[in-house]
Every structure is written in C-alpha cells, then in structure tokens.
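Undergrad: next input, structure requested:
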Amino acid sequence: MLMQSPKLNFISAFLHIKYHLFLLLLPCIICSTTHAQDDVRLRVYNSYDGQKLYNNDTILHTVWKPVIYTDSLLPVQNSRWFKRKFFQEHLLQVQTPGFNIYGDIIVDEYTGVSSRYKKTLGSKIINTKTPGMDTRGYEVSGNMGNKFYFETNFYENQARFGGYIDSFIRQYKVIPGQGSYKNLGDGTGFDFSYSSARLTYIPNKNLLFDLGYGKNFIGDGYRSLLLSDWSFNYPYLRASFTFNKFQYSVMWSQYISAVGPNLANSLGYFRKWAQTYVVDWKATKNMSLSLFESVIWPDQIHGTIREKDVSPWLLNPLIFAHSSTSPSGVSNNDIVGFNAKYKIVAHTFFYGQYVINELGQSSSWQNRTGYQLGIRSGSIFGAKDLNVDVEFNTVRPYTYQGNSNDVNYTNNNQPLAHPLGANFKEGLFVSNYTCNRFWFRVEAFFAHYGADTGSSNYGHNIFLPLSTNLVADNVSTGQGIPAKIYFGDIKIAYIINPVTNLRVETGFTYRRESSSYFVYTDKIFYIGIRMSFRNLLYDF
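TA: Just a heads-up that it's a prediction; the model follows:
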C-alpha cells in the first residue's frame, strides 16, 4: 500500500472532520432562518428493519434505498439516567419542537476462532486463528422538522478476519465494503477507518435532494444487479422528483478506479464519474416498474499531468441523453436495467431485475446481460417479525467490464453490483426473526461460477479489461474453470438497547469454495458485544 506521512495523515483526518461537521451543522444554519412546520422524527430504513418498508402501504416507491420516512418521537422514559442510556435511549437525545438530535459512542468488540488461518505471505507465515474486531466510533443523526435529515458517523477499527475474508483483503487491498487499510504491526491484521455522512433536504412532497458520502441501493431484493451497497462509500448528489405515481431520480457520484501499490501519486488515485437514473412507476395498486441507466465516465487522462477527461454532458439530468465517449475518445460504460415488484398478498412480494451492458447474439460475448428473480415475505405463516427472502441471480460473462478500470462498473476494487462480479449463477435464502429481545438470522447460498486463471479473462473478474476476453463465440455462463461456493451463516443476538442496537451477538459461518485447482473450507465462530445498524457484508 502507498503510505502517507504522519503530517499528511493528520491533514487528511482534519479535513475529513471538517467535512462531516459541515454536513452536520449546515441544516442547523439553515434552520436558524426557517421555521419547522411539524414536530416529527425523520428516519431511514436500515438492514435490520428493511422488511417494514414493504409492510408500509403508504410508501409507493421502494426501489431506491435508503428510504426516508416519518416516525413518532421516542417515548420519554422515567427511569434513572444509567438505565435509560444503557437500555432505552441514545447517549445524546434531544427532542424539541422542530428539532431532534441523537448521538452515540459506538463500540464493536468481538473475538472468535477460524479453521483456516495459516497463510504464507512472501517469506512470512501469518496466523489469523483468532479473528476479532476492535471498533470505537460515534454516530450522530437528527432532523429539523419535516424538511431536513442529517447523519454522520466515524469508526476506527483494528481487526483480524477469517480465512476467505483475509484472502480477499490481501488480494484486492481493501476491507470488503469498508475501504483501504494499514497492516497491524505483526502483519496478521488490519488498521482501517470508516465514515459516512448524509444531508437530505425535502422542500415539499414532490422534491428530494440527498448529498452525502455513503452508499445507495437500487432494487427490491437482497442482492442488486443494478447498484448495491456492497462496495465502499463514495461522494454523491441525488435529486428526486415525485409526481403522482411516478418518481424520477438522478444521481451524480464519483468512484475510485483502482487502489493498490503504485496506483496513486500526490494527486491520489484515479477516479471516475457516474450518472445514475431511475424512473419508477407505480403501474397498479400491486405492481411497480422501474427503468434504470448508469453511465461511467473517466475523470482524468493517464499521464503525469492527469488532464481532466470529462464532458459537459456529465451535468445532463435526462436519462439516455448523454455522449457515448469522453473528450479523449474513451468509450463510456453504459448499463441499462429494469426492476419490477408485484404484491402477491399482504407483506409478500415477487420481484425481479434485468441488467443489460450490451445486447448481442445469444451465444456471443457481446450478450452481456443478467437477471434476478425473487420472493420476499414479512410475517410469513402468520408469525409476526418472521421475514424470508428467496432469490436467484445470474449474470453472463463480461457483464460490467469496461475497456479499463476507469470505466468498469466497480469502486475501490469492489463491484458496484453483485459481489461475485459476473459469469455466475446463485441461489440464495435469507431469513430473520425477532422475538422479544432475541434476534435470529439465517443465510445460505450456493453459487456456481467460471473462474479465471492468472490474467485469463473468461468473464468472471470484472476488473480485467474487456479487450482481453478469451472467448468470442459459444459463450456461456460458467465458462472457464468450473467453481462452486457453498455458504451458510447463522447469527443470534440478545438486544440490550433496541434504540442503538446494542447487543450480545454470536455467530457461525461455513464457506466452501472448490474447483479442480483449489479447495478452501472456512469455519468461523465469533462472540462479542456489538452496536449500531451498520450493514457489514461478508457473504461472497
């Protein structure tokens, strides 16, 4: 990894804090000149209560997440201060007419055992038999009336990971979903930070503006073939217009092309721009249809000067109205898709996606497409808070690839859509259940993919340039070296404070990845005290 001097690290941290404080204080400044109309609490649906989004019939548009909604204020507790703050409230909790703010000091501490832990790294053998996490941080969120919602958080982490996660980190030079790192002193673990911020302005019932450094998700399933929340955070600006049964959204975002040794200089890593459009239509009482487009532009020309390579078309807010190349002649990566959701019965939905990077003959490499089919249900079999999601995903080889890392559909060495990239088929099951203060979650998936070898490009590794494809005709999903993944994960938690998601949690993960060239089996157990509603994903 490219290492910065202590002075640069200090300056970077200082600028980071200033940026987040600006997003946090900006609504307060604006609020000082406006009058809040309603005494409400604005919130966003998270991964722990996501099914409630589909149980709420008043919300028409669910395809773009996170979704902001109005909730009642937290009840006033009459117990002693320590009991309230530890079991019932946020550490900082101010609820006044027109203004609410909530803040917490975050801890995430766990330890465990991994069955696959000895690896050779150069001339050194590393030992990660005891994976664990040590996280300290803060979370602050709040709202001003029904117009402004804001949130900011920061986490400092030292961690060791189980076998397959550790292998991913050392190969791609990033923590899954959490960005770059520094090695711990003994080389067996990683030191990294994670932060995000969001400021949302809702001037009226038709308009929404969302500025932030974070993640977005497009779809109604557990995975997304269009835009998922699996990669690291990125800066973005989203504008959304809702009229009757239609919602039109456009987002401008900036991604990192690639990270790793020798990929950056004093100007940092190379970056790329994206325009993302979604037109969502509530077609009937029970059915929603969405049209999607995402265009990836290079940001700079490679070289010592690094001249800008962007076009005025980048500012265009209209779907399908843009240039096909950058000013230097680089072909943009244009991805189109469809999303559908149909309500079968109360709290039960059938959903699907179709993604198109390029349409060609069915057996050609230019047929770069994929689709998703799934069904999700809340309160299944009449059991309250029992949620189930069953899903199938498949993506043909070479989908999401571009002519270079400057235009492929990735961010910070991680896919922007499905974590398995392309050239795969996957069947997935996810279920969670809440009973009083106990929370249970079960996940399992089976995936078959065609592995690449070395620099070979059979279409699985979406970081490889499209020009290096090895197969032009008779292309099929699973080509290359046949490989399989079996994954199972169980989590059990006792919720100490439901407001902050402070919990005692234990879990077990089984993963087996095999082909004729390799067999990797992981069994990972952990237990610890955890907190916050962050969605940390290691299911790949």
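Undergrad: which residues sit in contact with A283?
TA: By C-beta atoms under 8 Å, 6 or more residues apart in numbering, the residues touching A283 are 245, 289. Heads up, the C-betas are built off the backbone N, CA and C, glycines and all.
Undergrad: how about the one 4 residues further on?
TA: When contacts are counted by C-beta under 8 Å, 6+ apart, M287 touches 340-343.
Undergrad: how near is it to A451?
TA: 39 Å (C-beta to C-beta, to the nearest Å).
Undergrad: which residues does stretch 53-68 contact?
TA: 42-46, 50, 69, 149, 200, 202, 208, 216-220, 229, 238, 240, 242, 245, 247, 249, 278, 280, 282, 288, 290, 339, 341, 347, 349, 376, 378-379.
Undergrad: just the buried ones from these?
TA: 42-46, 50, 69, 149, 200, 202, 208, 216-220, 229, 238, 240, 242, 247, 249, 278, 280, 282, 288, 290, 339, 341, 347, 349, 376, 378-379 (16 or more other C-beta atoms under 10 Å).
Undergrad: so of those residues, which ones are in helices?
TA: G50 (DSSP state H).
Undergrad: let me see the ranges of the helices in the stretch 1-150 of the chain.
TA: Taking DSSP state H, counting those that start in this stretch, the helices of the stretch 1-150 of the chain run over residues 6-31, 50-55, 81-83.
Undergrad: by mean pLDDT, show me the worst of these.
TA: Of all the helices of the stretch 1-150 of the chain, the minimum mean pLDDT falls on helix 6-31 (a mean of 47).
Undergrad: contacts only, for A274.
TA: Counted by C-beta under 8 Å, 6+ apart, A274 has contacts 251-255, 294-297.
Undergrad: next one: L536 from S240, what distance?
TA: Distance from L536 to S240, by C-beta to C-beta: 27 Å.
Undergrad: same thing with L92?
TA: Counting by C-beta to C-beta, the gap from L92 to S240 is 30 Å.
Undergrad: pLDDT of stretch 413-433, averaged?
TA: 97.
Undergrad: how about that stretch as PDB, C-alpha atoms only?
TA: Written as PDB, here are the backbone C-alpha positions of stretch 413-433 (Å, rounded to 0.1, in the frame of the first residue of the first chain):
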ATOM      1  CA  ASN A 413     -11.500  -2.600  -6.100                       C
ATOM      2  CA  GLN A 414     -15.100  -3.800  -5.400                       C
ATOM      3  CA  PRO A 415     -18.100  -4.500  -7.700                       C
ATOM      4  CA  LEU A 416     -20.800  -1.900  -7.700                       C
ATOM      5  CA  ALA A 417     -23.500  -4.600  -8.300                       C
ATOM      6  CA  HIS A 418     -23.200  -8.300  -7.200                       C
ATOM      7  CA  PRO A 419     -20.200  -9.200  -5.100                       C
ATOM      8  CA  LEU A 420     -19.400 -12.200  -7.300                       C
ATOM      9  CA  GLY A 421     -18.900 -10.000 -10.300                       C
ATOM     10  CA  ALA A 422     -20.100 -11.800 -13.500                       C
ATOM     11  CA  ASN A 423     -20.200 -15.300 -15.100                       C
ATOM     12  CA  PHE A 424     -22.100 -16.900 -12.200                       C
ATOM     13  CA  LYS A 425     -25.400 -18.400 -11.100                       C
ATOM     14  CA  GLU A 426     -26.600 -18.100  -7.500                       C
ATOM     15  CA  GLY A 427     -29.400 -19.400  -5.300                       C
ATOM     16  CA  LEU A 428     -29.900 -17.500  -2.000                       C
ATOM     17  CA  PHE A 429     -32.000 -17.800   1.100                       C
ATOM     18  CA  VAL A 430     -32.200 -15.200   3.900                       C
ATOM     19  CA  SER A 431     -34.400 -15.200   7.000                       C
ATOM     20  CA  ASN A 432     -34.600 -13.300  10.200                       C
ATOM     21  CA  TYR A 433     -36.900 -13.400  13.200                       C
END
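Undergrad: and that stretch, how far out from the chain's middle?
TA: Chain-centre distance of stretch 413-433: 12 Å, with C-alpha atoms, centre = their mean, to the nearest Å.
Undergrad: please, which helix or strand holds the residue nearest to F292 when sequence neighbours are not counted?
TA: Closest residue to F292 apart from its sequence neighbours, by C-beta to C-beta, 6 or more residues apart in numbering: G337 at 4.0 Å. Assigned by DSSP states H and E, G337 belongs to strand 333-345.
Undergrad: in that strand, which residues are buried?
TA: Buried residues in strand 333-345 (16+ other C-beta under 10 Å): 333-337, 339-343.
Undergrad: could I get those in TSV, plus columns for pLDDT and distance to V174?
TA: Formatted as TSV, the buried residues of strand 333-345 follow (pLDDT from 0 to 100; distance: C-beta to C-beta, whole Å):
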residue	pLDDT	distance to V174
N333	95	21
D334	96	26
I335	97	22
V336	98	28
G337	97	25
N339	98	28
A340	98	33
K341	97	32
Y342	97	37
K343	95	38
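Undergrad: where does the stretch 201-350 of the chain have low pLDDT?
TA: Flagging of the stretch 201-350 of the chain using pLDDT under 70 yields an empty set of residue ranges.
Undergrad: may I see the buried residues of stretch 54-68?
TA: Neighbour-count burial for stretch 54-68 [16+ other C-beta under 10 Å]: 54, 61-68.
Undergrad: ugh, wrong one, I meant stretch 421-437
TA: Judged by neighbour count using 16+ other C-beta under 10 Å, the buried positions of stretch 421-437 are 421-426, 428, 430-434.
Undergrad: so how far is that stretch from its chain's centroid?
TA: Chain-centre distance of stretch 421-437: 15 Å, with C-alpha atoms, centre = their mean.
Undergrad: now swap in stretch 49-65 and tell me
TA: Counting by C-alpha atoms, centre = their mean, stretch 49-65 comes out at 18 Å from the chain centroid.
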